[in-house]
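**Student:** Next input, structure requested:
(2 chains)
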Amino acid sequence: MIAPPFDDALLGRLSEASGVSGGEDAVRRILIDDVRDHVDTLEIDALGSLVARISPAAPRSPRSKGSRRSRRGPHVLLCAHMDEVGLMVFAIEKDGRLRVRRVGGIDQRILVGQVFRVGASGLRGVLGALPPHLVSRPEREKVISIEDMYLDIGASTREEAERHVAVGDYACFDTAYEKWGSTRKGKAFDDRVGCTVLASLVKKRPPVPVTAVWSVQEEVGLRGAGAAARRANADVAIVLEGTASGEAPGASPGESAPLMGGGPALTVQDRTLMADARLVDLLERTGKERKIPTQWKRPGVGGTDAGRISLSGAGIPSAVVSVACRYIHAPAAYLDVRDPQRVTALVWHTLESLRKEWT
Amino acid sequence: MSALPGVPGHEGPAAEAIAKAFSIHADRVERDRAGNVRGWIEGTAPKPRPRALFAAHMDRIGFLVKAIEPGGFIRLTELGGFDSRTLLAKEVVIHSSPPIVGLFATKPPHLLKKGEADRVIPSEDLYIDTGRSERDVRRIVPIGTPVTLRQPPVDLLGGRLAAPAMDDRAGVAVLLGMLEILHLDRPEWDVVMVATVEEEFGLYCLGAKTATESIDPQLGVAIDVTHGDMPGVKEGDTYVLGSGPAICVGGNIHPLVFEGMKRSARALGLPYNVEGCPITSATDAMDIQIAREGVPTGVIGIPCRYMHTGIETVAPEDVDRCARVLAHFVAGLEPSWRAEEVLK
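**Tutor:** Sure thing, here's the model as predicted:
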């Protein structure tokens, strides 16, 4: 079977939607609209993850031999997280300024001078910084702490601010999705690119029974995926991710990997997971057979939902396939759209391989 | 205007757009030898009429491409003063033909070494990633290409506006506002609005200096941004956004011009601040004042938060008030008004 196409336009819509961990609603709504007509069941679980079930078409020949599993293949859990890193408003000052805290891992040094969209209304706020004219030289050598930062929404008093914003509101980066050549620029590619690959996959009826999970709260400790996996009770899991490329001037090949445009990045090991060796082998072999270039994600770095999924219930053999993105967890990241196209194809063909040979 | 390029020495495209905007109300618009854009309002007094010069700089701070490194990463040199801490992860426009987009690249937190996040990255270690191949970058981007921060204008509550280059496109907007008033309400003096070049170059204000030399005005005023209220700054160093323009006093400013601007603000019932400029105003007024045989000069500032970042924030009503105060002031000048006195 031919693999389904990667939905570039959907990535654009998802990238521009706000979905800081715990506030994934806008992302979830886009995904519901996108996949509703293509899946057998669709539900939102107790923690907020979006879960779809889709089974292959009934076997053409009723005379097929073998057990139900060998006919239909293993039940595969595919997972991508909806949430992104961002800020939360935790206090409103008398003069209308908003004090903020980080949600997920953000280098505080990148925050000053950025524009954010605050709350459900998407009100704009700027994260102010003193002008260089008013900062002494020694002071400029110091990193500005998030404790000293604030969002300026233009309000002059607390009352004015409170008409538009409440404590607990999320703020996300205000970044337009753009493309040139095969490059795509946008925010939250970690993991809206995985979300898009997953939606692209389920829009065609897969060769094995699939539970698709768009999970919540990955960035604050892999909180959503475990519960969804426990409920799905699948035989094998593949997590779809946007991962960090380390390309930089003067970086060694080891530091640079995985490369943007280098094809699907396969995980051997990260801080949360020893990937299932048979599954990794199958992914790599499928890539070779289908002439899809693959690369290795740098081991030991980062963690994904696969860490939780692999431990759920009696344990689920798990692997991670990632798109290498530059500058994740920052306002604007880059990816090469050929990578998610290849990830979509690789995972699709791996589902076919799983049907044939997974026991 | 915040979207127009125009680092010092590369004001061309900005000048074209500003000349077009000037020409709606000005009697005559010209681009002078230094590159300044001048928009004239002819006065009503019999010739030869005295001339008043109002200057706002149209250049903006930015960068030039210094080198292209393996991998297509771009190193920059600064034009104007940035705090390198405010540049990380910001998008930029590289003004090649065609212009392309890039960003100040930063390591994701996953790859930071221990303690790395506690250190400031000096500006010489910053670089731009365009998301293009080295071959493409070398083909498209010549060394010396101007680069500016890329940030669409952001509307904040209370009508406030955050955008790059408010320093000093907000001042150019004041010139436009003055033209709009003065073409109907003619002063006796000839008035020339000058959008100047190279104020941010640093050593001297080339545009203001050359324009004053050739125009020979009897009065000069520089319009620029001043610091808006921000936490962490002592009171008196900044002016509240929306509290009206800051009229400057100090050695760079002629007392008669200072008094005249204040009088106009009071006559119009408009709020204003007084800003002390003990040494220099660090504006075009520096070079207007000492050109030729000396020019009585004033300085007026628009409160602006977060200066020299991509989110310079102003209250548009301050821009409007500034234009009205200056138009009133110049319209009230007698043809015989001179700062100099003949004593004997």
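**Student:** Can you identify each of the helices in the chain by residue range?
**Tutor:** Since no chain was named, I'll use chain A. In chain A, the helices defined using DSSP state H lie at A:8-16, A:25-35, A:68-72, A:137-140, A:158-162, A:189-202, A:225-232, A:253-256, A:277-289, A:305-311, A:338-357.
**Student:** please go with chain B instead
**Tutor:** With DSSP H as the criterion, chain B has helices at B:12-22, B:134-140, B:166-182, B:206-215, B:255-268, B:285-289, B:316-331.
**Student:** For chain A, find the nearest of the ones you listed.
**Tutor:** Set against chain A and scored by CB to the nearest CB, the helices of chain B come closest in helix B:134-140, at 7.7 Å. C-beta here means a position set from N, CA and C on the backbone, and glycine is covered the same way.
**Student:** averaged over its residues, what pLDDT does the closest one have?
**Tutor:** Helix B:134-140 shows a mean pLDDT of 97.
**Student:** Now tell me what touches it from outside.
**Tutor:** Contact with helix B:134-140 is made by A:G181, B:I68, B:P70, B:G71, B:G72, B:I74, B:S96, B:P98, B:I100, B:T130, B:R132, as judged by CB atoms under 8 Å, 6 or more residues apart in numbering or on different chains.
**Student:** ok, and for it, which residues are buried?
**Tutor:** Neighbour counts over helix B:134-140 (16 or more other CB atoms under 10 Å in any protein chain shown) mark B:D136, B:V137, B:I140 as buried.
**Student:** surely A:W180 meets B:I100?
**Tutor:** Yes: the criterion here is CB atoms under 8 Å, and A:W180 meets it with B:I100 at 7.3 Å.
**Student:** who's more crowded, those two?
**Tutor:** Using other CB atoms under 10 Å in any protein chain shown, the more surrounded residue of A:W180 and B:I100 is B:I100, with 20 against 14.
**Student:** For the more buried one, list each beta-bridge partner.
**Tutor:** B:I94 (DSSP bridges).
**Student:** got a pLDDT number for it?
**Tutor:** 97.
**Student:** could you list every residue that touches the residue in chain B positioned nearest to chain A?
**Tutor:** As assessed by CB to the nearest CB, chain A sits closest to B:L156 within chain B, at 2.8 Å. Contact analysis of B:L156 by CB under 8 Å, 6+ apart lists A:R124, A:G125, A:V126, A:D152, A:I153, A:G154, B:A162, B:T313.
**Student:** and the nearest residue to it once chain neighbours are set aside, how many neighbours?
**Tutor:** Spatial nearest neighbour of B:L156, excluding adjacent residues (CB to CB, 6 or more residues apart in numbering or on different chains): A:G154 at 2.8 Å. A count of nearby residues for A:G154, using other CB under 10 Å, gives 25.
**Student:** close enough to count as contact, A:G154 and B:G158?
**Tutor:** Yes: using CB under 8 Å, A:G154 is in contact with B:G158, at 4.8 Å.
**Student:** so who does residue 72 touch?
**Tutor:** Here I'm looking at chain A. A:R72 touches A:S55, A:P56, A:P59, A:V208, A:P209, A:R355, counting by CB under 8 Å, 6+ apart.
**Student:** wrong one, I was asking about chain B
**Tutor:** Residues counted as contacts of B:G72 (CB under 8 Å, 6+ apart) are B:D129, B:T130, B:R132, B:S133, B:E134, B:R135, B:D136, B:V137, B:R138.
**Student:** Please tell me how far the last one sits from B:Y239.
**Tutor:** Distance of B:R138 to B:Y239, given as CB to CB, to the nearest Å: 46 Å.
**Student:** pLDDT wise, what is A:F116 at?
**Tutor:** 98.
**Student:** Grab the nearest non-local neighbour of it.
**Tutor:** A:A171 (4.1 Å).
**Student:** From A:G105, how far off is the residue sitting nearest the centre point of chain A?
**Tutor:** The structure's chain A has its C-alpha centroid closest to A:D191; by CA atoms, centre = their mean the separation is 1.3 Å. To A:G105, A:D191 is 13 Å away according to CB to CB.
**Student:** Also B:G158?
**Tutor:** In terms of CB to CB, B:G158 sits 34 Å off from A:G105.
**Student:** Repeat that for B:A55.
**Tutor:** 48 Å.
**Student:** More neighbours: which of these two?
**Tutor:** For B:A55 versus A:G105, the count of surrounding residues by other CB under 10 Å is larger for B:A55: 34 against 15.
**Student:** mind listing what that one touches?
**Tutor:** Contacts of B:A55 (CB under 8 Å, 6+ apart): B:V194, B:T196, B:G207, B:A208, B:A211, B:G220, B:V221, B:A222, B:I223, B:D284, B:A285, B:I288.
**Student:** go on, A:A3?
**Tutor:** By CB under 8 Å, 6+ apart, A:A3 lies in contact with A:K204, A:T344, A:A345, A:W348, A:H349.
**Student:** how many neighbours does B:G276 have?
**Tutor:** Residues near B:G276, counting by other CB under 10 Å: 9.
**Student:** If it is in a bridge, with which residues?
**Tutor:** For B:G276, the beta-bridge partners are B:V249 (DSSP bridges).
**Student:** B:L206 against B:N36, yeah?
**Tutor:** No: between B:L206 and B:N36 there is no contact, the gap being 9.1 Å when judged by CB under 8 Å.
**Student:** Now for these two: what residues contact both?
**Tutor:** Jointly contacting B:L206 and B:N36 under the rule CB under 8 Å, 6+ apart are B:V197.
**Student:** So for these two, which residue has more residues nearby?
**Tutor:** Comparing B:L206 with B:N36 by other CB under 10 Å, the one with more neighbours is B:N36, at 27 against 21.
**Student:** isn't that one right next to B:T196, touching?
**Tutor:** Yes: using CB under 8 Å as the test, B:N36 is close enough to B:T196 to be in contact (5.2 Å).
**Student:** Give me the pLDDT for the nearest residue to B:G260 once chain neighbours are set aside.
**Tutor:** Closest residue to B:G260 apart from its sequence neighbours, by CB to CB, 6+ apart: B:F329 at 5.2 Å. Predicted confidence (pLDDT) for B:F329: 98.
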